[in-house]
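Asker: Fold the following for me, if possible:
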Amino acid sequence: MEQTTSLETREAADLLGAMWGWALAFALLTLALGLAVVAWPNETLAIVAVIFGLQMFVGGIFRIIAGFKADGSGATVLLIMLGILSIIVGIFLVRHPFNAVEILGLILGAFWVVSGIIEFITAIGDKAMPSRGLAIFSSVIGFLAGVVVLSYPSASLSFLAWLLGLWLVLMATIGIVAAFKMRSLSKSVAA
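Answerer: Numbering: from 1, shown residues only. Below you'll find the predicted structure:
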């Protein structure tokens, strides 16, 4: 039994030894991305605009499908309208990423306000909705976030990009430390 445990420990050490380099490479890549976002938050927003546009487009398709699957109440029309709005916003963001950076805050804020209202009405009206309380809570949060972003569109997005960059730098630092701990642990078990 002890020999099996020793063999399993040795295999785990070998795996850690092989993986620490990949973990370090990922952490260093994350660090580079984080530093780039901190240094150039506005340029990062253009890339985010395209990615967010793709997400909005796909999300719009899912909302339209959900609308057609709704029980036929007012939720059907509201979900389909929200899906169409999401697709239109998504197409705009993908087609005009550099121009969209300046107005992305306004678009995002308006979408969150409208989405929050529609999702709130839908959740209140559908007593059988799964996770109804969570849906109501998230719709209120979305509405409030939309109001804040509409009030300060450029500052909100630049700040969020900068904050994301700092978070990436923090996560990269933790990843670098973890990679070296993996290496150290694999060497100590192997010895």
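Asker: and the residue positioned nearest the centre of the chain, backbone torsions?
Answerer: For the chain, the residue nearest the mean C-alpha position is Phe52 (9.2 Å; C-alpha atoms, centre = their mean). Listed backbone geometry of Phe52 is phi -70, psi -40, with angles given as degrees, to the nearest 10.
Asker: Test my guess that it contacts Leu93.
Answerer: Yes. With contacts counted by C-beta atoms under 8 Å, Phe52 reaches Leu93, the gap being 5.9 Å. Where you see a C-beta, it was placed from the backbone N, CA and C, and this is true even at glycine.
Asker: how distant is the helix or strand hosting Leu163 from the center of its chain?
Answerer: Applying DSSP states H and E as the criterion places Leu163 in helix 153-190. Using C-alpha atoms, centre = their mean, to the nearest Å, we find the averaged C-alpha position of helix 153-190 to lie 16 Å away from the chain's own average C-alpha position.
Asker: show me where pLDDT drops low in this protein?
Answerer: In the predicted model of the chain, residues 1-10, 12-17, 72-73, 100-102, 104, 154, 189-191 satisfy pLDDT under 70.
Asker: all helices for the chain, in order.
Answerer: Listed in chain order, the helices of the chain (DSSP state H) span 2-39, 41-69, 74-95, 97-125, 132-151, 153-190.
Asker: So for the fifth one, what gets flagged as buried?
Answerer: Pointing back at helix 132-151 there. Of the residues in helix 132-151, those with enough neighbours to count as buried (16 or more other C-beta atoms under 10 Å) are 135-136, 138-139, 142-143, 145-146, 149-150.
Asker: Check stretch 120-127 too.
Answerer: Buried residues in stretch 120-127, counting neighbours by 16+ other C-beta under 10 Å, are found at 120, 122-123, 126.
Asker: and if you look at stretch 105-124?
Answerer: Neighbour-count burial for stretch 105-124, with 16+ other C-beta under 10 Å as criterion, is recorded at 105, 107-120, 122-123.
Asker: what comes into contact with it?
Answerer: 52, 56, 74-75, 78-79, 81-82, 85-86, 89, 92-93, 100, 129, 132, 135-136, 138-154, 156-157 (C-beta atoms under 8 Å, 6 or more residues apart in numbering).
Asker: then it to PDB, C-alphas only?
Answerer: What follows is stretch 105-124, C-alpha atoms only, in PDB (Å, rounded to 0.1, in the frame of the first residue of the first chain):
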ATOM      1  CA  GLY A 105     -20.800  53.800 -22.800                       C
ATOM      2  CA  LEU A 106     -24.000  55.300 -24.000                       C
ATOM      3  CA  ILE A 107     -25.000  52.200 -25.900                       C
ATOM      4  CA  LEU A 108     -24.100  49.900 -23.000                       C
ATOM      5  CA  GLY A 109     -25.800  52.100 -20.500                       C
ATOM      6  CA  ALA A 110     -29.000  52.400 -22.500                       C
ATOM      7  CA  PHE A 111     -29.000  48.700 -23.100                       C
ATOM      8  CA  TRP A 112     -28.600  47.900 -19.400                       C
ATOM      9  CA  VAL A 113     -31.400  50.300 -18.500                       C
ATOM     10  CA  VAL A 114     -33.800  48.900 -21.100                       C
ATOM     11  CA  SER A 115     -32.700  45.300 -20.400                       C
ATOM     12  CA  GLY A 116     -33.100  45.800 -16.600                       C
ATOM     13  CA  ILE A 117     -36.600  47.100 -17.100                       C
ATOM     14  CA  ILE A 118     -37.700  44.400 -19.500                       C
ATOM     15  CA  GLU A 119     -36.100  41.600 -17.400                       C
ATOM     16  CA  PHE A 120     -37.700  43.000 -14.200                       C
ATOM     17  CA  ILE A 121     -41.200  43.100 -15.800                       C
ATOM     18  CA  THR A 122     -40.700  39.600 -17.200                       C
ATOM     19  CA  ALA A 123     -39.600  38.200 -13.800                       C
ATOM     20  CA  ILE A 124     -42.400  40.000 -11.900                       C
END
